[in-house]
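Undergrad: The sequence isn't on hand, but the structure is:
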């Protein structure tokens, strides 16, 4: 629309004639009124026909220390409250988490569906323009504590409150499941590590047991061989002693025969045999010298010789032989080896594994209810907004009305 209304330029030296300006405007009053009405109508049409846009928000803060105490006291997975809040924030910002929520709650996103669009394309529109994550400014020190604020803008016809609240719960539950999965993996890895150490301890025990059995067997074999060698040597010694005794007896028999000693005698009695007399004499002889063997007389010497010749074994003459026989009998079976081989539950004899078994029992009985694990505190839930953020009807109408004269000019 054009207008022939022109205000003549005023030079700096001329004064502004307000009466002339007012008269010029009055002559164009119909045009100005028309333009005002048209612009107002257009502004009203825009303000009342544009789809209202609303905004909701939710604030998350770190959970209380006692909420994470069970997890932290497990000694397996440590999760400070601040780190838990960061994990939930990362999940809220994750593209995969948002897409999973979009897919599992399609009933909430019917308004985003368009003909010819794929599910992922519809999600792109929602993800790009609807949800924003707000973190505290690290440069500002006036923040009392860490927090995460999630804002969502949405047009009329969409249940934005339900979307935001359910999305937060979905993200928290997703992170809770991830922590539970991580906890199970860590416990399983630790149990595998403990089982490996127990297997190593069992292998070490088996090696030690076999080495001990081999050592005991070797000691028995060695001792048995030494005793048998000693036994053979003793028998040879006894045989030699018997042969030497026979030689002495033969020599003594020859001497006794030559002296005519048939019965046992003494040197003094041998000298008295040459004396005559019928009187009986009893003598007591004290002699500190050993009496030669031939004084035993031929009869005694012959009897001993015959006994030695008839002897088949000299073992009974040496007490050590009986002792050796006893030791050899004891070596027939090693009771310590038998006890080692008869052990049924050999895990009871493993050394230095008590801490491993205690830790294994603790990990297997570790029961943390992940469904009750509170990762964050929802300080403010999304609530139904009282008015839309767009369009601001009163502001639009006032702005249009104030700009109308200029447009007309």
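TA: Cool, the structure landed. None of these values were measured; they are calculated from a predicted model. Residues are numbered from 1 along each chain as shown.

Undergrad: Spit out the contact partners of residue 53.
TA: The neighbourhood of residue 53, defined by C-beta atoms under 8 Å, 6 or more residues apart in numbering, consists of 153, 154, 155, 156, 388, 389, 390, 391. Any C-beta I mention is one placed from the backbone N, CA and C, and that applies to glycine too.

Undergrad: Weed out the non-buried ones from those residues.
TA: In terms of neighbour count (16 or more other C-beta atoms under 10 Å), the buried residues within those are 153, 154, 155, 388, 391.

Undergrad: Out of the contacts of residue 53, which is nearest to residue 145?
TA: Of all the contacts of residue 53, the one sitting nearest residue 145 is residue 153; the distance, using C-beta to C-beta, is 26.1 Å.

Undergrad: ok, back up a step: in helices, which of the buried ones among the contacts of residue 53 fall?
TA: Secondary structure of the buried ones among the contacts of residue 53 is defined by DSSP state H; no position falls in helices.

Undergrad: for residue 75, helix, strand, or coil?
TA: Under DSSP: H, G, I helix; E, B strand; the rest coil, residue 75 falls in the coil class.

Undergrad: what sits against it?
TA: Under the criterion of C-beta under 8 Å, 6+ apart, residue 75 has no contact partners.

Undergrad: Now do the phi/psi pair for it.
TA: In terms of degrees, to the nearest 10, the main-chain angles of residue 75 are phi 70, psi 10.

Undergrad: ditto for residue 312
TA: The phi/psi pair for residue 312 (degrees, to the nearest 10) reads phi -100, psi -20.

Undergrad: Can you report how many residues lie near it?
TA: 5 (other C-beta atoms under 10 Å).

Undergrad: Longest strand in the chain, by number of residues?
TA: Of all the segments assigned as strand in the chain under DSSP state E, the longest by residue count is strand 53-62.

Undergrad: Max pairwise distance over the buried ones among the contacts of residue 53: which two?
TA: By the measure C-beta to C-beta, 154 and 391 form the most distant pair in the buried ones among the contacts of residue 53, at 14.8 Å.

Undergrad: quick one: which of the buried ones among the contacts of residue 53 sit in strands?
TA: Secondary structure from DSSP E places 153, 154, 155 of the buried ones among the contacts of residue 53 in strands.

Undergrad: quick one: contacts for the second one?
TA: In this case it means residue 154. Residue 154 makes contacts with 53, 54, 55, 56, 130, 160, 163, as judged by C-beta under 8 Å, 6+ apart.

Undergrad: mind listing the helices for the stretch 1-150 of the chain?
TA: The residue ranges that make up the helices of the stretch 1-150 of the chain, judged by DSSP state H, counting those that start in this stretch, are 18-27, 29-49, 69-72, 81-93, 95-104, 119-129.

Undergrad: The last one packs against which elements?
TA: Using 3 or more C-beta pairs under 8 Å, 6 or more residues apart in numbering; DSSP states H and E as the contact criterion, the secondary-structure elements in contact with helix 119-129 are helix 95-104.

Undergrad: Same question for the fourth one.
TA: Helices and strands touching helix 81-93, by 3+ C-beta pairs under 8 Å, 6+ apart, are strand 53-62, strand 131-134, strand 148-155, helix 160-259, strand 376-380.
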